[in-house]
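Colleague: What follows is a predicted structure for the sequence shown.
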Amino acid sequence: MGSLSGLATLVGLTLLLASGQCDVNCNGHPGQAGISGRDGRPGVKGQKGEPAQGSGPVDSILEQGLKGETGSPGPQGVMGPKGYRGEVGSPGPSGLAGSPGPLGRRIGDGQQSTEQGQSAFSVVRTDVSYPAYSKKVTFQQDLFNVNGDFNMALGIFTCRVAGIYYFSFHSTSKVSMCLGIVSPTHERISFCDYNRNVDQVLSGGVVLELTVRQQVWLESFKENQRDTVRNDVQPKQIIFNGFLLY
């Protein structure tokens with residue numbers, strides 16, 4: 001049994017050697033291509049190259065890739081035209097109401113003003129001398145004079161509350177007299193009475209529109225009176241009134 005096994009092994013080895021020594025004249029079939037082998041492991045990364053140098057021509061593509069030094073800033077350009085104003089957006093939602101503030105502190109009761117918007121005067125000349133021509137008539141007694149708007153010594157009313165005013169006067173005497181209501185911004189309003197030694201009343205009135213600090217006064221002037229009337233000392237009286245209409 002052992003001799004047969006050895007013989008079989010020998011025969012197989014002989015056939016293997018004979019097939020390996022076959023030349024081009026052998027009639028055997030070509031074998032199939034083997035499976036591709038696996039890729040090898042990646043190689044080691046090479047070292048970084050030296051920067052480009054030299055005086056020769058430089059590749060334009062390479063030159064664009066190199067960063068040069070920062071140049072100085074250029075001049076400021078001309079301001080462009082103003083842009084169009086955008087449309088107004090839709091209103092946003094209302095916010096939440098804030099919390100109530102603290103209660104106020106009472107510091108006392110005020111008083112209603114009785115002077116604002118009021119102006120009036122009524123003054124009397126009791127001097128028996130004849131009022132000088134082209135002079136402001138002065139007065140010695142005030143019957144009513146709100147805030148002292150009328151100056152007794154100068155005979156001038158100064159407007160404190162702008163508005164429409166009414167001015168009037170009344171005089172009693174036994175001699176001829178001419179009086180006029182005068183304001184720098186209005187033409188003089190003149191009135192005359194030529195008397196013959198009897199008691200007579202001269203009256204006049206006018207409505208004027210005044211602004212603050214404008215002035216009004218009563219003035220005596222010469223018209224057709226006799227020259228002797230300036231020396232008259234008989235009793236005479238002049239009342240001058242003025243008040244704000246609205």
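Modeller: Received the coordinates, thanks.
Colleague: in stretch 136-144, what's buried?
Modeller: Buried positions in stretch 136-144, judged by neighbour count with 16 or more other Cβ atoms under 10 Å: 136-139. (C-beta placed from N, C-alpha, C; glycine too.)
Colleague: now the strands for the chain?
Modeller: 120-125, 135-136, 141-145, 150-151, 156-158, 163-173, 177-183, 186-193, 200-210, 215-220, 237-244 (DSSP state E).
Colleague: Now do the third one against strand 237-244, angle only.
Modeller: Direction vectors for strand 141-145 and strand 237-244, defined by axes from the mean of the first three to the mean of the last three Cα atoms, to 10 degrees, enclose an angle of 10 degrees.
Colleague: ok now strand 141-145, how far from the chain's centre?
Modeller: Chain-centre distance of strand 141-145: 49 Å, with Cα atoms, centre = their mean, to the nearest Å.
Colleague: follow-up on the earlier one: can you add distance to Pro81 and give the buried residues of stretch 136-144 back as JSON lines?
Modeller: As requested, these are arranged in JSON lines below (distance: Cβ to Cβ, whole Å):
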{"residue": "Lys136", "distance to Pro81": "68"}
{"residue": "Val137", "distance to Pro81": "72"}
{"residue": "Thr138", "distance to Pro81": "73"}
{"residue": "Phe139", "distance to Pro81": "73"}
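Colleague: out of those, who's nearest Phe167?
Modeller: Of all these, Val137 has the smallest distance to Phe167: 12.7 Å, by Cβ to Cβ.
Colleague: Pull the contacting residues for the nearest residue to that closest one once chain neighbours are set aside.
Modeller: Excluding the flanking residues, the one nearest Val137 by Cβ to Cβ, 6 or more residues apart in numbering is Leu218, at 4.4 Å. By Cβ atoms under 8 Å, 6 or more residues apart in numbering, the contact list for Leu218 reads 136-137, 155, 169, 179-182, 238, 240.
Colleague: Who does Leu218 form a beta bridge with?
Modeller: Ile181 (DSSP bridges).
Colleague: ok, it to Gln76 distance?
Modeller: For Leu218, the distance to Gln76 equals 74 Å [Cβ to Cβ, to the nearest Å].
Colleague: what do you get for Asp149?
Modeller: From Asp149 over to Gln76 the distance is 66 Å, taken as Cβ to Cβ.
Colleague: How about Phe157?
Modeller: For Phe157 relative to Gln76 (Cβ to Cβ), the value is 67 Å.
Colleague: More neighbours: those two, which one.
Modeller: Using other Cβ atoms under 10 Å as the criterion, Phe157 and Gln76 rank with Phe157 on top: 24 against 6.
Colleague: I'd guessed the more buried one sits against Ala120; true?
Modeller: No - the pair Phe157 / Ala120 is not scored as a contact, 10.1 Å apart, by Cβ atoms under 8 Å.
Colleague: any residues in contact with both of those two?
Modeller: Contact with both Phe157 and Ala120 is made by residues Gly242, according to Cβ under 8 Å, 6+ apart.
Colleague: one step back: rebuild the strands of the chain as TSV, extending it with mean pLDDT and distance to Gly104.
Modeller: Conversion of the strands of the chain to TSV gives the following (pLDDT from 0 to 100; distance: least, Cβ to Cβ, whole Å):
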stretch	mean pLDDT	distance to Gly104
strand 120-125	94	38
strand 135-136	90	52
strand 141-145	92	40
strand 150-151	94	42
strand 156-158	95	40
strand 163-173	92	35
strand 177-183	89	47
strand 186-193	82	49
strand 200-210	90	40
strand 215-220	92	44
strand 237-244	94	36
